[in-house]
Structure formats: C-alpha cells, structure tokens
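Give the three-dimensional model of this entry:
(chains A and B)
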There are 2 protein chains.
Amino acid sequence: MRTLIKDTVEKIDQEVEIKGWVRLKREHGKIVFFDIEDRSALIQTVIFSKNDNFEKAKNIKPEEAVYIKGIVHARPENAVNPKLITGKVELEIEDIEVIGKSETLPFDMGGIDLKLELPTLLDFRSLTLKHETQRDIFKIQASIAEEFRNAAEKLDATEIFVPTIAAGASEGGADVFSVNYYGHHAYMIQSPQLYKQMMVGILERVFTISKAYRAEPSVTTRHLSEVTMMDVEIAFVEKFEELLDAVEFVGSSIVKNVTEKHKNIFEKLNIEMPLIPNSIPRLKLREAQEIITKRTGRDLSKEMDLNPEDEKEICAWAREEHKSDFVTITHYPTKKRAFYTYPDPENPEYSLSYDLLFRGAEILSGSKRINDYEKLLEVMKQRNVNPKNFGMYLMAFKYGMPPEGGFSFGLERLTMKILELDNIRKAVLFPRDMERIDERLSQLNPKAEK
Amino acid sequence: MRTLIKDTVEKIDQEVEIKGWVRLKREHGKIVFFDIEDRSALIQTVIFSKNDNFEKAKNIKPEEAVYIKGIVHARPENAVNPKLITGKVELEIEDIEVIGKSETLPFDMGGIDLKLELPTLLDFRSLTLKHETQRDIFKIQASIAEEFRNAAEKLDATEIFVPTIAAGASEGGADVFSVNYYGHHAYMIQSPQLYKQMMVGILERVFTISKAYRAEPSVTTRHLSEVTMMDVEIAFVEKFEELLDAVEFVGSSIVKNVTEKHKNIFEKLNIEMPLIPNSIPRLKLREAQEIITKRTGRDLSKEMDLNPEDEKEICAWAREEHKSDFVTITHYPTKKRAFYTYPDPENPEYSLSYDLLFRGAEILSGSKRINDYEKLLEVMKQRNVNPKNFGMYLMAFKYGMPPEGGFSFGLERLTMKILELDNIRKAVLFPRDMERIDERLSQLNPKAEK
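Reported below is the predicted structural model:
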C-alpha cells in the first residue's frame, strides 16, 4: 500500500512503501542518499552497505521511477531541514526497485537552478520539464486558469466551447494558418472573439479558454504560433465603467489568488507579492502619454499606442503614485483596434477600448463592441473585411444583440509576466513557433509542396 | 440601476429597471404582454393602452433586447405560476426601450419546443441557440466540464494545456487535418493522448480539456470534425483496478452531479435520474459477450468488439441485475486498441483497456499504457508508426516513466448521451462537419487547390 511522501511525517518508526522519482543521488562510500519525489513532496532516503540491496541501490540512476520500502526515522533536532515538508524525517531504505527505467541523463538535472540555454531547454523538453523550476511554472499556470474561471464564474458567466476552425480570418488575413478542410479553404481561429460575442446574444455572460493561432513569421521572445486565450464577454453593459470594473476584478483576482496560493514559489524566485489597491488607477491613453512626457521629456503627441518603454514608465508611475502594480489604460485610437470596437460617442477617433497593464506590460485587452448590425456592416466594409465569410457572426447581430463588451488574456503571457520569465516559450509546455514543433522543423518532415 | 429578473420577487410594489430579451409577445387589444428573460430568470410584463408608451411597446419584436422600467405587482393567489421563479409577480411596464434591435424572425421561436429540422437548426445557429431548449443543452455542457475538472482535482491531478498542432498523426494517418506550418507539413492532433502521457512523467497526475480533430469523410449522427476531449492520466498505477476505480469515479461523479444540479431541466425533458450503485459492475469483453449471447442467442465468439446493439444489451443487463446505468467493459483485444495500450501479461492477445458504458453507449475509453521505452519502439515498428515523428514522446519514456494509464471523454458525446439527443451536432454550439463551417461549405469559399 503506497504512502504519499507528504504523509511519511505521520508514520515515524513505521514501515512504509513510497513511489517517486530519484531527484538526487549522493554516494558516500558505505552510504547512498536518494532524494525521492512524488506529486506530494520530496523526502531524503538513505541506504547503508549492510543492507542486502545496497549493490542494487548503487546502480539506480537519477530520474528513474522507483518503489521503495523502508522505515521512517525522526531526524535529530539539529538535522531537521525546515525547507522540506518532510524535513523532520528520513527514510531508511530496506528495498528499492526501479519501476521506470532511465537512460543516463544528457546533462546534470540536479541543483536548485537549471542553467540551460533555451534551445537545449526545448530540445529536451520531455526531460527538462522534470526540473523543479519548470514544474513550478506549470503549477502556477494551472492556478492561473483555475482562478480565471473562478473570477469569471463570480461574474455569473457561463463556460462555452467555441470552434477553432473557421471560414474567415477574424483579425485580418495575413498571419493565419490555413487548413485543407475537405477540399475547402479554412483557417485556424486567431482568437475566440467572434464566437464569444455571438454567445452573449444567447447566454448574456460567457467565458471560454480556447486555443488561438498566429502564423506570424517572426522569432521574438514574445511570439508563439499557438496560444491559449482566456476570454470573457458580457452583455447588457450600461456604462463603460462596468466593463472596466469587470476587467480589473478578473485581472487582479487572478494575480492576487495565484500569488497567495503559491507564496512559497514566489519566495524561492525572489518575486515580490503584487501591490493591488482597492481602486486601480485608470487613464485615457492621452492622459497616460502626458504623464510619461512629464516624467521623461519624450514627446508622444503623435504616438497612437504605448510602446514597451512607455508601458514600463506608466507602471512605474502607478506604483509610485498609487501603490499599484496595475494600471488601466483606455481610449485607444479607433483605427488601431479591431473592426468591432465601439468608437467613443464623444470623440469617435478614440474608442471604448482598454488594456490592463501589470508590472510594465499589458496582460489583458478588450473593448465595448459595436452591437448594431448596420453599423457593423459599415465598419466591415471600411476595413475590407468580407461579410460573406462572417455570415453566422453577423446573424447574431440581426436578432437582438444588446450593448456588450469583453476582454481577453493570453494564458502564456500572463504566466510569463507573473513569473518574470524572459521568454514566452518558457511559459508553454510544448511551444509552437516558426522553428519548432517539439523538435526543430529542420529535423522533421520534408518541406510541404505549397 | 438594473435589477436582475430573479430579484424582482423581493421588490413588490417598487419601481425597478430590468434588461433582457423578449421571448414572447401577446397582444390582446388594449393590453400587450411580454415575457422578458435575462440570464437569471423570466418574468411576465404587461403594458396597458392608457400608458403613453403603449404604441412604442406595440412595435417591439420578439427576441429584441429591451430595457424596461416598471412596477412589480404581486399576482393574485389564483394567477400564481409555480413553474416560474417569478411566478408570484408581474411587472407593469411604465417605459420600454429597444437596446438591441431584431429583424422579423424567419420562423416562430415561441413555444416550449423548437421543432426545426437539423439543417435549419444549424443554418440559423446564432438565432436558434436562443431557444430555451438549446440554451439548456449548453448549460448542461458547462456543468459537465466543471464537474469533470472537480473530479479530476479530487484525484489530485494538475491541469495542463497541450498543443494541438503536431508533427505526426497520433492515431494513424488517414483521417487527419493537415496544416501548412511555415511551409512544413503539420497536423491537427487527433487526441491529447501523447502529451498527457508525456506529462505524467513530470506531474504524476494530469488532466486536460483539449480540442481534437478528425477529418473523417463520413456524415453520421455521431461524427464531428472538431471535438472537445476531457482527458485524465495518472502515473504510479499499481493495479489495473486502480485505473478502473478512477474511471468510474470520474464518470459517475459527472453524471450524478450534473443531473442533480440541473434536475429541473431533466424533469422538463422527462429524463430519469441515473441509477448509480456503490459498485459499478465490471466485465471482461468476453464475459459481456457471453451474457449477451445468453440473453439474445447471438453468437459473438468471433466479434472483437461490442457493436451498438451489444452495448444496449449489456447496459440493459446492468440495469436489471445491478440497478446500474453504468457498466465497465475491460480487456478488449490488443490489436483493436492503439499502439500504446498495455497487453494483459496473463494473455497478451487481450489488453488492459476499458470502456465505461452509460445507458447503452460508451462514454469513456482508456487503458493502462506501455511505459517501457524499448517495448514502445517495438510496438510502433509492428504498427508502422514512424518513431521519427514522435521523438519528444519517446524521449519521455527514456527517462523514468512509471507505470501509468488514463482515460478520455468526448464532451459532446457525453452531452448527447446525458440529454438523450439524437444527433451529436445538437451537442455542439457551432458544429464542424464535412458539410459545414457555420455556413454550408457549398455556399462559402471556392474549392482549395489540392
């Protein structure tokens, strides 16, 4: 009967059976130590040369999956390791069996840090993910998704599952993956945007976690070909501020709850707990630019957006002036946003759009949407979007679409930002980019005939 | 300030503002009734000809989104409608405004049932989804996903996000959608199987909700080109029975919790609450076939699987003999299952595989997996699966993969089964099949050059 490693502390002086992976092996002549880890915790185990299984134990390799039978001993007071859940005990091995063999590792996986260059980290992804630093990233990612859903449910939104194969390219045609769909042209969606909009005409408030695909031919630290979007859309919006309230609630709830739940991981990484004020500062783009100009002297009067340097500066301002790691920027120029964005009635050059910035970068983007069918047709024409490919979308606006809006996070981008990773590929289990589908494209199948 | 419709019952004799859709409009000369629904409930509203806004109200169309200001009246005792949350009140309209226009509906959306042929149901999907019968389906679907996650979390599994673009076709090459990936051949995954297996070598227990794609050129009531898979995988499996316990726990928890939560919907649809015994009957395929032969006289000794008729029969047996709507069938022939399936050591012609059947059909499928790298290479060769396209998968088995197994549900199939729908397309918001991407393919873009 297996005992989870975290429960060994309750079984001092008892015989237990555990299963897990060998994270570290240290040989000291007549003693061998193994750090063994399962999903619950890590424990130090030891075997002495007097044991009949000592020679067998000496052959066991790091990262092998093992079964161990042994006795739990309390550690002497001065040998307690406060950093481990099991720091008060040690397991003396009676018997050990390999139940999942490992070849010799191509590099050292021991130690607190995994100092590998990105290509190696990804070339050996099935192995490198085993390192604690990597597993931590994806525990955080799971929590981000969970807290996103919790927050969306508190907004009374219903989860929906939207298609990822579509007939038209929602956000413009260039950077889209095409699929041969039973002999017809089809596309992988660039975002779940259009479907969540259609669905607020039906369920009023919806959320979805959906894949989105971008065939952007650029290799940067921030681009992925396949991303996970976390989207919310709500209808019967009375005031623009209601959308901002929803955005800030979801964004700050995720960050707050994830950092609290995984405090130990953030401490290990030396990442400060976030500053979240009761009221997150809100600025129109032009107001934000004026503040940045005052602080830096840079003239932004002709800029239509914030560049990465600007985003850092306005976040610094929010932190200094409002003790906030968040700041909401609204009213981006209408022509810089997607066709469905609602122009500000008071000044239609600007739109009822917003980004939520966290510690120097945008983590969420959204807007109020055009909900009038005729108006929507008009802007589609202006933007050269072919209504023929959006028949089902347009139909939703023909039959009673209330005022509505919403927002969208990239799960990987938020993971990257919250953990202060330097490359978005580190925030994806198996990243897809221009150069790689698990293995490097150059080592895979031959070029497709175009 | 908007009041949610369900809260109107607390505001008798008060003025309230509500927002919602017109579900039904009835004109009786000097009175017009509107049934108004928001995400919380439906309420009967009324306007009299003495009201200045009466003419305006008369022009309002079914399915329009409206704002209403009015007074909540208690209904007389004999006019209470026990079927409505708001059955004790009625709202007298003072003012009404259209906030989301509707064209005249192409067909009648009123009434309890939506009697439309499937092509019409799908051709007008953005509209037909508004009908209560359709919305109910997707409320159930959201609950299925939620209860799946709850059950997986109770198994201590971590949520993962797996890629959907892959270099090789996991379950054989024919029925796969190909993607032009920066000039290279790539495929949309046929299941998240391989990635969840890789991840149990890292996180021990994982679950995922992922899209999967099947380019099956067949139009049946059970085929979709794009499906939503709910997958669990667990490592350090000691006995086959542990997997069966996990399967039955997740399957029966979902069905139990969803039917309890939405009892009202199942009552409306006249669907009985499921019979879930403490211990779900388990049969080897050959045992199940013998029972079916005894009951029907059909000789199944040469059959390698249960056909739909057999599945119905064995479910009838489980209901009669064990008061169970579930039955678990194990030990399918090894060569009928995927390459990674673990052969039964006692008789390798049969495998450590299983299906969970519910009310006459399989809702879940899974197996123990081969976790030995050499053995896996061997079966891949036997099955003509090219290891070159599965390098990252195989790597996971080189470095300490413990004994493991798992299972997989189709979200749409389970929705269909639990609601006793006659076509799987009715269990998808926007189904993808050979003939349709929202609109019919024949009406869309020209044929792709192959």
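
all strands for the stretch 101-250 of chain A, in order.
For the stretch 101-250 of chain A, applying DSSP state E, counting those that start in this stretch gives strands covering A:158-159, A:165-166, A:178-181, A:184-188, A:205-213, A:226-235.

right, and those - which one's nearest B:I18?
strand A:226-235 (13.7 Å; CB to CB). Glycine gets a C-beta too; all of them are placed from N, C-alpha and C.

Flag every buried residue along stretch A:82-95.
Of the residues in stretch A:82-95, A:84-91, A:93 count as buried by neighbour count, 16 or more other CB atoms under 10 Å in any protein chain shown.

got the contact list for that stretch?
By CB atoms under 8 Å, 6 or more residues apart in numbering or on different chains, the surrounding residues in contact with stretch A:82-95 are A:5-6, A:8-9, A:12, A:15-16, A:18, A:34, A:36, A:40-48, A:51, A:53, A:57, A:68-75, A:79-81.

Buried members of these into ChimeraX, please.
Selecting in ChimeraX just the buried members of these, where the criterion is 16+ other CB under 10 Å, is done with this command:
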select /A:5,8,9,16,18,34,36,40,41,42,43,44,45,46,47,51,57,68,70,72
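
now, which of the contacts of stretch A:82-95 lie within helices?
Secondary structure of those is defined by DSSP state H; positions in helices are A:A57.

Please list which of the contacts of stretch A:82-95 also come close to chain B.
Restricting the contacts of stretch A:82-95 to those near chain B by CB under 8 Å from any CB of the partner chain leaves A:S40.

and the closest residue to A:Y340 other than its chain neighbours, how many neighbours?
Excluding its sequence neighbours, the residue lying closest to A:Y340 (CB to CB, 6 or more residues apart in numbering or on different chains) is A:R369, at 4.9 Å. Taking other CB atoms under 10 Å in any protein chain shown as the criterion, the count of residues near A:R369 is 27.

Chain B versus A:I144, what's the distance?
Using CB to the nearest CB, to the nearest Å, one gets 10 Å for the distance from A:I144 to chain B.

wait, isn't that residue in contact with A:M416?
No. Taking contact to mean CB atoms under 8 Å, the distance of 10.8 Å between A:I144 and A:M416 leaves them out of contact.

Pull out the buried positions in stretch A:234-244.
Within stretch A:234-244, the residues that qualify as buried by neighbour count (16+ other CB under 10 Å) are A:234-237, A:240, A:242-244.

from those residues, which are also near chain B?
When CB under 8 Å from any CB is applied, the members of those adjacent to chain B are A:235-236.

before we move on, back to that, list the residues that contact the residue nearest to A:Y340.
For A:R369, the set of contacting residues under the criterion of CB under 8 Å, 6+ apart consists of A:197, A:340-342, A:404-406.

Out of those, which is nearest to chain B?
Within the set of these, A:E404 lies nearest chain B; the separation is 8.6 Å, counting by CB to the nearest CB.

how near is the residue lying closest to that closest one once chain neighbours are set aside to B:I93?
Counting by CB to CB, 6+ apart, A:A235 is the residue found nearest to A:E404 once chain neighbours are left out, at 4.0 Å. As defined by CB to CB, to the nearest Å, A:A235 lies at a distance of 21 Å from B:I93.

A:K368 reaches A:F240, doesn't it?
Yes. Distance between A:K368 and A:F240: 6.0 Å, which falls inside the contact criterion (CB under 8 Å).

hey, what's in contact with both of these two?
Here A:K368 and A:F240 share the contacting residues A:L352, scored by CB under 8 Å, 6+ apart.

Now do the helices in the stretch 101-250 of chain A.
Listed in chain order, the helices found in the stretch 101-250 of chain A under DSSP state H, counting those that start in this stretch are A:118-123, A:125-128, A:132-154, A:193-203, A:240-261.

just those helices: most buried one?
Using mean count of other CB atoms under 10 Å in any protein chain shown, the stretch among the helices of the stretch 101-250 of chain A with the largest mean neighbour count is helix A:193-203, at a mean of 26.
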